[in-house]
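Undergrad: coords please:
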Amino acid sequence: MTSAHPNDAQIRALYAQFLDGWNRRSGAAVAAAFADDGDIVGYDGTQHHGRLAIAADFRQIFASHQTATYISVIRSVRPVAPGVALLLAHAGMIPPGSSDIDPRFHTVHTVIAVDEGAGRWRISLLQATPAAWDQHPEARETLTQELRGLLAPR
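TA: Down below sits the predicted model:
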């Protein structure tokens, strides 16, 4: 068993900041969570490098595409090395025009967070990996139900 990170709350808040920026469809807000040289590897494998490029790329994405809303559950935050932490989360997506999670788009978010000094944490890498679980449909259904439980009552 790996111990929780001593800066668990800050790192969770950093991930929440990323999700909030995404859900508000703000490239600047998404990028604000990242280190200057941070990276995102998107759900489709597209890579975005550097805070400025992330802001510009996501501003363009949000302007030209209706993006899904994320809802997530953090599975763990643990130390990797001094000043480095690993956050693992499962996320679901609510497609535009829908009020329900689409299980086809479940995602594993892997976040490497770094302490830039004075307790200021930033995302160095966020990777979104499809979580299809084709061999384990019961796991996909369990996650779907768990995420639906986080949705505000309709």
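Undergrad: Centre of the chain to stretch 43-58, how far?
TA: The chain centre lies 13 Å from the centre of stretch 43-58; the measure is CA atoms, centre = their mean, to the nearest Å.
Undergrad: residues in contact with that stretch?
TA: 22, 26-28, 30-32, 34-42, 105, 107, 128-130 (CB atoms under 8 Å, 6 or more residues apart in numbering). Every residue, glycine included, has its C-beta placed from N, CA and C.
Undergrad: So which elements touch the longest helix seen in the chain?
TA: The longest helix of the chain (DSSP state H) is helix 8-23. Helix 8-23 makes packing contacts with helix 27-32, strand 69-81, strand 84-94, strand 107-115, strand 121-130 when contacts are defined by 3 or more CB pairs under 8 Å, 6 or more residues apart in numbering; DSSP states H and E.
Undergrad: Okay, buried residues for the fourth one please.
TA: Counting neighbours by 16 or more other CB atoms under 10 Å, one finds that the buried residues in strand 107-115 are 107-109, 111-115.
Undergrad: Taking these together, which two end up most distant?
TA: 107 and 115 (25.5 Å; CB to CB).
Undergrad: any weak-confidence spans in the protein?
TA: Applying pLDDT under 70 to the chain picks out residues 1-3, 152-154.
Undergrad: circling back to that earlier point, columns distance to residue 142 on top of the helices and strands packed on helix 8-23, output as JSON lines?
TA: Formatted as JSON lines, these follow (distance: least, CB to CB, whole Å):
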{"stretch": "helix 27-32", "distance to residue 142": "29"}
{"stretch": "strand 69-81", "distance to residue 142": "11"}
{"stretch": "strand 84-94", "distance to residue 142": "10"}
{"stretch": "strand 107-115", "distance to residue 142": "14"}
{"stretch": "strand 121-130", "distance to residue 142": "17"}
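Undergrad: looking at the ones you listed, which is closest to residue 6?
TA: So among these, strand 69-81 is nearest, using CB to CB, at 7.5 Å.
Undergrad: All good on my end, thank you.
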